[in-house]
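J.: fold the following and give me the result.
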Amino acid sequence: MARTEHMPLPVSRLDAGPAGSLLSPARRWLSLAILFLVTTSSYFDYYVLSIVLEPIKQEFQVSDTLLGVLGGISFALLYSVTALPIARWADRGNRRTIITIALVCWSLMTAAGGCARSFWQLAVARLGVGMVEPGAVPPSQSLVTDYFPPERRGTATALLNAGSAAGYLVGIGVGGYIAAAYGWRMAFICAGLPGLLLAILVRFALVEPRCQLGFPTAGAQSESWSASLVKLRRKRTFVLVLIGTSVFTIFSFGVMMFLPSFLMRDLRATTAQISGTWAMSIAIANLVGSLIGGRLADALSKNDVRWYAWLPGLACALGAPLYWAALAANTVAGFIVFDCAAEFTLALGMSVSFAPVHAVCGSLRRSQAIAIMQLSFILIGAGIGPLVAGGLSDLLTATRGVASLRPALLFMVLFLVPAAAAFYAAGHSLPHELEA
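T.: Okay, here's the model as predicted:
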């Protein structure tokens, strides 16, 4: 009997991945653990900036708008130039090599930020970090999809994405401790140097399936860059997930960049409370939410693959009022309680937000699809989010004084509503666009 649009489609229709028969289960999970560390490193290098915005503001005497530029546009500018070429390389070449090179480069540029003697020197260093960051997530996502069978990809993708929470914890917790004890410059240096050791681990411990299967992979030269872009553009699911995640990242990058400043200014939180209690609490909430979310998505999608898109939409819808309550709290304890609930809820769904893209993009353009998403995250999320939050805070300073960040961040929560709607719509088209 023909399948109608009202009948759910099981996840078993997805491809098994070329590395499925090459790696033992233990080797798959070891590889995932290494890629988790890569993701953690990339987000550590980005989010360490947020905990040192206040000392940077005081030393260089700059506005919140310029801090938004430092946390957004200065990082996003070169990212936008290099993202798609690196992704094209990752779809055809050795992803292990790409990740190794990128790790070395962004680690050195992060450490160089600690040597900056002016605001604009620091901005240049952040430009350098952004230039090579595309070598992290797209190749890692592509490798995970090759390593794991379809019925485990939701869990694997969620665990990989949990590296963002771990990176935020290390950036805020460890970075904040180092900044408090030794200054913000040392925080940048310590954020960068461990990546050099991780690059060695990636080079010698990861497996590139294409090395066993041969270069180029079957059909790798059969589709041009422009043809890949046209096919992705015609995938309604991909376009809607791209919109949903991009709108979500306007909220995410804008709020997370300024939350430490909000805690310091509005709630009079100490560095120890921010780097210790709060950072640890939200990291645990994110990690637990990601673990549960990945398994939940895999379980639900066994019978109906649409849940790979619906779960992120539901998380955005439920997370919005929780985040609003957190930002409306008048005590540090109250903020932490509601913020942990919000972060857990968002992690439950957003940790699998790449899964519907993996399901519809096709193996020949998987890294390219993820790179387009990451490019949108950076240009729209990192580029616009902190700038909107910082600019709105500056506009409200005349009437709200140092309390201007609270209404600015409350406004950012509204972006979760259209994000939820986009994911819900993506779920309806997902069963009809699956591609191995």
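J.: got a list of what Leu206 touches?
T.: 31, 34-35, 96, 99, 143 (CB atoms under 8 Å, 6 or more residues apart in numbering). For the C-beta atoms, the positions are set from N, CA and C on the backbone; glycine is no exception.
J.: let's see that with 10 Å instead.
T.: By CB atoms under 10 Å, 6 or more residues apart in numbering, Leu206 lies in contact with 27, 30-31, 34-35, 38, 95-97, 99-100, 140, 143, 147.
J.: give me the buried subset of these.
T.: 31, 34-35, 38, 95-97, 99-100, 140, 143, 147 (16 or more other CB atoms under 10 Å).
J.: helices of the stretch 51-200 of the chain, residue ranges please.
T.: Taking DSSP state H, counting those that start in this stretch as the criterion, the stretch 51-200 of the chain contains helices spanning 53-60, 64-71, 73-92, 95-113, 119-132, 137-147, 153-161, 163-169, 175-182, 184-192, 194-205.
J.: give me the mean pLDDT for the second one.
T.: This points to helix 64-71. Helix 64-71 shows a mean pLDDT of 76.
J.: extract the CA atoms of it and return them as PDB.
T.: Taking C-alpha atoms only, helix 64-71 is exported to PDB below (Å, rounded to 0.1, in the frame of the first residue of the first chain):
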ATOM      1  CA  ASP A  64      28.200  47.200  25.100                       C
ATOM      2  CA  THR A  65      27.700  47.600  21.300                       C
ATOM      3  CA  LEU A  66      31.400  47.200  20.700                       C
ATOM      4  CA  LEU A  67      31.500  44.200  23.000                       C
ATOM      5  CA  GLY A  68      28.700  42.700  20.900                       C
ATOM      6  CA  VAL A  69      30.900  43.300  17.800                       C
ATOM      7  CA  LEU A  70      33.800  41.600  19.500                       C
ATOM      8  CA  GLY A  71      31.600  38.600  20.500                       C
END
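J.: what helices or strands is it leaning on?
T.: helix 25-51, helix 53-60, helix 73-92, helix 119-132, helix 236-265, helix 383-400 (3 or more CB pairs under 10 Å, 6 or more residues apart in numbering; DSSP states H and E).
J.: okay, those, which one's buried deepest?
T.: Ranked by mean neighbour count, the helices and strands packed on helix 64-71 are led by helix 236-265 with a mean of 24 (mean count of other CB atoms under 10 Å).
J.: ok, then the element right after it?
T.: Going down the chain from helix 236-265, the next helix or strand is helix 271-272, by DSSP states H and E.
J.: my guess is Phe148 meets Ala156, correct?
T.: Yes - taking contacts as CB atoms under 10 Å, Phe148 lies within contact range of Ala156: 4.4 Å.
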